[in-house]
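# Quick one: sequence plus predicted model below, questions after.
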Amino acid sequence: MEKEIKDEINKNLIEKMDRKLSGEKELKGNVNTGVKFLHECDSTGCHLICRLNSQKKDGVERVFEECLELYKRKNHDYSNKGKSAFDKAYEKMGAQSLWLRLNDKFTRFESLLFSEDGPLVTDEKIEDTLLDLINYSAMGLAKLKGYN
């Protein structure tokens, strides 16, 4: 009975992942667990394979992975015709646009950290603001180095 339940759960999980992936080859696991999900298709169908990463990552590596994943999602959401809002602002204002974005995030960080009343917008935490600061810094550095 227990095996049948596990098989049904696995079957449902694979079906959901197949629908969600629609052609993607790899899914990231939770960066905190070191688990990697691989989606492979062959003549028998599509399969979800769960593997432990061979090397456990330290906290900084996990933060950078989280930043990269967040960057990719936000870049998708904030892009229009292949250009992100950041790219467009940088074209118009240069490095001043980077200063503006970072200043907004530092101001938000300061407000979250030192506000006596607490924030009225409760869906953005200090962690979210710090991730945004890292990503805006990386985006600005990429522009300054001429990478994109």
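That came through fine.

# can you list the domains in this protein?
Split into domains by automatic domain parsing, the chain comes to 2-52, 59-144.

# Could you tell me the least trusted of these?
The minimum mean pLDDT among the domains of the chain belongs to domain 2-52 (a mean of 55).

# Quick check: Glu65 touching Lys57?
Yes: Glu65 lies in contact with Lys57 (Cβ atoms under 8 Å); the separation is 7.2 Å. (Glycine included, C-beta is placed from N, CA and C.)

# show me where this protein has strands.
With strands called from DSSP state E, the chain shows them at 26-28, 35-42, 45-52, 79-80, 83-84.

# quick one, helices of this protein?
In the chain, the helices defined using DSSP state H lie at 2-21, 59-78, 85-93, 95-114, 126-144.

# any chance of those helices in JSON lines, plus distance to Leu120 and mean neighbour count?
Shown next, in JSON lines, are the helices of the chain (distance: least, Cβ to Cβ, whole Å; neighbours: other Cβ atoms under 10 Å):
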{"stretch": "helix 2-21", "distance to Leu120": "34", "mean neighbour count": "11"}
{"stretch": "helix 59-78", "distance to Leu120": "23", "mean neighbour count": "13"}
{"stretch": "helix 85-93", "distance to Leu120": "24", "mean neighbour count": "15"}
{"stretch": "helix 95-114", "distance to Leu120": "10", "mean neighbour count": "14"}
{"stretch": "helix 126-144", "distance to Leu120": "15", "mean neighbour count": "16"}
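
# Please list the residues outside stretch 99-106 that contact it.
Stretch 99-106 has contacts (Cβ atoms under 8 Å, 6 or more residues apart in numbering) with Phe86, Ala89, Met93, Thr129, Asp132, Leu133, Tyr136, Ser137, Gly140.

# Same check on stretch 72-88?
The list of residues contacting stretch 72-88 from outside it, by Cβ under 8 Å, 6+ apart, reads Ser97, Arg101, Asn135, Tyr136, Met139, Asn148.

# and if we set it to 6 Å?
By Cβ atoms under 6 Å, 6 or more residues apart in numbering, the surrounding residues in contact with stretch 72-88 are Met139.

# ok, now stretch 115-133?
The contact list for stretch 115-133 (Cβ under 6 Å, 6+ apart) reads Cys67, Leu70, Lys105, Arg108, Phe109, Leu112.

# try it again with 8 Å
With Cβ under 8 Å, 6+ apart as the test, stretch 115-133 has contacts from Val63, Glu66, Cys67, Leu70, Leu102, Lys105, Phe106, Arg108, Phe109, Ser111, Leu112, Leu113.
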